[in-house]
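build me a model:
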Amino acid sequence: MANQEKPRRRPSPDPVAVLRGHRAAVNDTCFHPTLPLLFSGAADGELRVWDTASHRTVSSIWAHGGAAGVYSIAAGAGLGNMIVSQGRDGLCKGWVIEEAGLSRRPIFTISTSTYHFCKLSLVKVPCSAHGIQSGSSGSNSDTEPHRVLTGENAGSRDVNPAGGTQEYEQGSSSDGQNILAIAGQESSEIELWDIKSSRKVMCLPQRCSANMTVHPTKQRGLCMAVQAFIPCESGGYINVLSSYEDGSTLWWDVRKPGSPLSSVKYHSESALSIAIDGLCTGGISGGADSKIALFSLDHQKGTFSLRNEVEIERPGIASIAIRPDNKITATAGWDHRIRVYNYTKGNALAVLKYHSATCNAVAFSHDCKLMASCSADTTVALWELYPPKTPSKVDIATEEVEK
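Predicted coordinates for the structure are as follows:
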């Protein structure tokens, strides 16, 4: 049963800082996993780096053509001092963070030839797997493992950007930090790309699968959102959640690329955003309708289970992020609002009303102390909400004993 949104009657808090400098709508934002840096990408192609302490611009480059713009950006611990940008020009580019700011030229460029509304995803692993106490997305600011398996069990052939094919033997492996997921050239499919080689390593569903009698995604429309992750139960194999134009969400395991493990339809209109929690045991989705869905993942059965539905006053959720400690979650709305919820219970905690145009993205810092939101009003806002508790001496002593 859906719960009606009932925020507490408190004044809407103000941002601790507003970052101004972009001249066009800001489409995405993410935090660096270890440094006090925030990245933002705008519709005119500008990619900016901000210092979260001084609230000043560190560096600015023109990452993608003005007509295409920067649609998505992602950073992760496994990438080190590098971020990935995605433009509507069909390109994904890697940029190095140098002393003077971002590199002026990309260190790699992947031509995906995909032109759509789906933001890329790095591979996320459970917090315990990489030793971070409060270990994203968020949206795209995810942390990757040192090593993951991505080979297809049966060995398959897939087309690479140069038009050739590449054979992937059973059990072949690749660094998880070098894998990104993105909606495919066939807009209902998902593609996994190896950043190092700039090659496509897998397509979901696998087109040559012998048991695929009915295409599992074409009838669902465009792929609108993806989230790649590696649950503890998968033995190191990548899983992917993908959301579609018809409101459905599919769960994929690369060991069974011909068809999804499970599918659900939580939204009556397009499912536009999805995020998985820090333990990779559940998540939250939002869409063009007037509700958000909180769900759990049963890794033994490969099924979804709906935990809660929250009705919102106005439709349209462009982005969702779950804080790394799994305490709170936030949504970026078409109605210019950022809504904050208790992730476990689903109850509304705050409605943030600073932005004056559509909110395009929201992200949390890896230490859980900051949240950033960006909007078509050309600004990025920084917030301090429900700060995490400082570990007590007892907690620290317990951790040392366990180590």
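
all contacts plus neighbour counts: C-alpha atoms, from now on.
Noted.

where in the stretch 301-403 of the chain is pLDDT low?
For the stretch 301-403 of the chain, the stretches flagged by pLDDT under 70 are 391-403.

switch to 80 and redo it
389-403 (pLDDT under 80).

equivalent analysis for the stretch 51-200 of the chain, please.
For the stretch 51-200 of the chain, the ranges with pLDDT under 80 are 66-67, 100, 127-177.

if you set the cut-off to 90 instead, what comes out?
Residue ranges of the stretch 51-200 of the chain with pLDDT under 90: 65-68, 76-81, 98-101, 112-117, 125-178, 185-187, 196.

relative to residue 346, how far out is the residue nearest to residue 342 when sequence neighbours are not counted?
Distances taken as C-alpha to C-alpha, 6 or more residues apart in numbering place residue 328 nearest to residue 342, at 4.6 Å, with adjacent residues excluded. Note on residue 328: its distance to residue 346, by C-alpha to C-alpha, to the nearest Å, is 9 Å.

could I get the full set of helices for the protein?
Under the criterion DSSP state H, helices of the chain are mapped to 127-130, 393-402.

does residue 182 really touch residue 188, like I thought?
No: under the criterion of C-alpha atoms under 8 Å, residue 182 makes no contact with residue 188, lying 10.6 Å away.

those two: who's more crowded?
residue 182 (29 against 23; other C-alpha atoms under 10 Å).

contacting residues for that one?
By C-alpha atoms under 8 Å, 6 or more residues apart in numbering, the contact set of residue 182 is 118, 119, 120, 121, 190, 191, 192, 226.

and what of residue 368?
Here residue 368 is in contact with 134, 323, 324, 325, 387, 388 (C-alpha under 8 Å, 6+ apart).

how about residue 115?
Contacts of residue 115 by C-alpha under 8 Å, 6+ apart are 88, 89, 90, 185.

if we go to 6 Å?
88, 90 (C-alpha atoms under 6 Å, 6 or more residues apart in numbering).

separation between it and residue 15?
Counting by C-alpha to C-alpha, the gap from residue 115 to residue 15 is 34 Å.

give me the neighbour count for the spatially closest residue to residue 282 that is not a sequence neighbour.
Among residues not flanking residue 282 along the chain, residue 296 sits closest, at 4.0 Å (C-alpha to C-alpha, 6+ apart). Close neighbours of residue 296, defined as other C-alpha under 10 Å, add up to 18.

which residues does residue 296 bridge with?
For residue 296, the residues forming beta bridges with it (DSSP bridges) are residue 282, residue 305.

circling back: turn the contacts of residue 182 into TSV, including neighbour count.
TSV is the format used below for these (neighbours: other C-alpha atoms under 10 Å):
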residue	neighbour count
118	25
119	27
120	25
121	30
190	25
191	21
192	26
226	29
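
in strands, which of these appear?
121, 190, 191, 192, 226 (DSSP state E).

I'd like the distance between the second one and residue 302.
Using C-alpha to C-alpha, one obtains 19 Å as the distance from residue 190 to residue 302.

swap in the first one?
In this structure, residue 121 and residue 302 are 21 Å apart, going by C-alpha to C-alpha.

go on, the last one?
Distance, residue 226 to residue 302, by C-alpha to C-alpha: 17 Å.

report the contact partners of residue 370.
Applying C-alpha under 6 Å, 6+ apart, the residues near residue 370 are 364, 383, 384.

tell me how many other residues crowd the last one.
For residue 384, the neighbour count with other C-alpha under 10 Å is 16.

quick check: the nearest residue to it once chain neighbours are set aside vs residue 184, distance?
Nearest residue to residue 384, sequence neighbours excluded (C-alpha to C-alpha, 6+ apart): residue 370, at 5.1 Å. As judged by C-alpha to C-alpha, residue 370 and residue 184 stand 33 Å apart.

residue 103 is in contact with residue 96, isn't it?
Yes: using C-alpha atoms under 6 Å, residue 103 is in contact with residue 96, at 5.3 Å.

sorry, back to before: what pLDDT does the residue nearest to residue 282 get?
At residue 296, the model reports a pLDDT of 98.

isn't it right up against residue 305?
Yes: Residue 296 sits in contact with residue 305 when judged by C-alpha under 6 Å, with a separation of 5.2 Å.

list residues touching both of the two?
Shared contacts of residue 296 and residue 305, counting by C-alpha under 6 Å, 6+ apart, come down to nothing at all.

measure stretch 278-290 end to end?
25 Å.

show me which positions of that stretch end up buried.
Under the neighbour-count criterion of 16 or more other C-alpha atoms under 10 Å, stretch 278-290 has 278-290 buried.
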